[in-house]
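Trainee: Sequence first, then the predicted structure:
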Amino acid sequence: MKPPAPDRPGDPWSGLRTHTPARIGLARSGSALATKALLEFRADHARARDAVGDGLDESALAATLAPLGQVLTVASAAPDRATYLRRPDLGRRLAAASQTTLAEHRGDYDLAVVIADGLSARATLAAPALIAALLPRLRGWRVAPFVIARQARVALGDAVATTLGAGAVAVLIGERPGLSVPVSLGVYATWRPRAGSTDADRNCLSNIHAAGTSPEEAARRLAGLLAAMRQRGLSGVALKDEGVLLT
């Protein structure tokens, strides 16, 4: 996202604004924000709210992923977007029909890759490029069919991986929108996922978007992280980022 332009001539904050989209040194009118700053805030807030409510275009995403491998589509136990936002617990559980779908494709896999809408479905547009850059780095890995998950939280990936019979899972999910970046993708990787896995068992790569980490850089880091997980047989807080792991 392009940093905001200076609010007024001679603004001492203008130099810093060229390096960040953050709101710094905002102009004021009396005790309130100046009109321009207020309108920009409201517009960004509206974009963030829209990102949370947007649905996942599963067909378009599946068509983009198809050249890379087999694609399965599943849903969480949340029947609709409104329920999903109110009931995070349902977003962590597979719908019964989806459990059956995955069980039919069970195998002996090293890795399951889940693309989940999360709280910003549009962020998944970056997922195919990330996966395309990741696969050549996974020579020798048995990768399960890609799974597109609707109304999904991160922990749904644990259920997907265990049902497919995968030893590790990488969940590519739309992150909670911010005022400056409403469409950011995150990746949560877990070694030996299971029911009851917590955030302490996962490693996260975040801020994957046009003005942040590129899909290609994220793929490089994820491949290094997965290799370290496989070598050490662990993930999460027990796996430290020592630099050499992610080169």
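Mentor: Yep, that arrived.
Trainee: so what's the most far-flung residue of the chain relative to its centre scoring on pLDDT?
Mentor: Computed with Cα atoms, centre = their mean, the residue of the chain farthest from its C-alpha average is residue 30, at 40.8 Å. On pLDDT, residue 30 comes in at 81.
Trainee: what comes up buried for the least confident helix or strand in the chain by mean pLDDT?
Mentor: Lowest by mean pLDDT, DSSP states H and E among the helices and strands of the chain is helix 35-53, with a mean of 74. By 16 or more other Cβ atoms under 10 Å, the buried positions in helix 35-53 come out as 37, 40, 44, 47, 48, 51, 52. Every residue, glycine included, has its C-beta placed from N, CA and C.
Trainee: Setting the sequence-adjacent residues aside, check what's closest to the third one.
Mentor: Here the nearest residue to residue 44 in space, its sequence neighbours aside, is residue 179; by Cβ to Cβ, 6 or more residues apart in numbering that works out to 4.3 Å.
Trainee: I figured that neighbour was touching residue 41, is that so?
Mentor: Yes: between residue 179 and residue 41 there is a contact at 7.1 Å, judged by Cβ atoms under 8 Å.
Trainee: any residues in contact with both of the two?
Mentor: Jointly contacting residue 179 and residue 41 under the rule Cβ atoms under 8 Å, 6 or more residues apart in numbering are residue 23.
Trainee: got the contact list for the least confident helix or strand of the chain?
Mentor: Under Cβ under 8 Å, 6+ apart, the answer for helix 35-53 is 4, 7, 23, 26-27, 29, 32-33, 81, 85, 119-123, 174, 176-180, 182-183.
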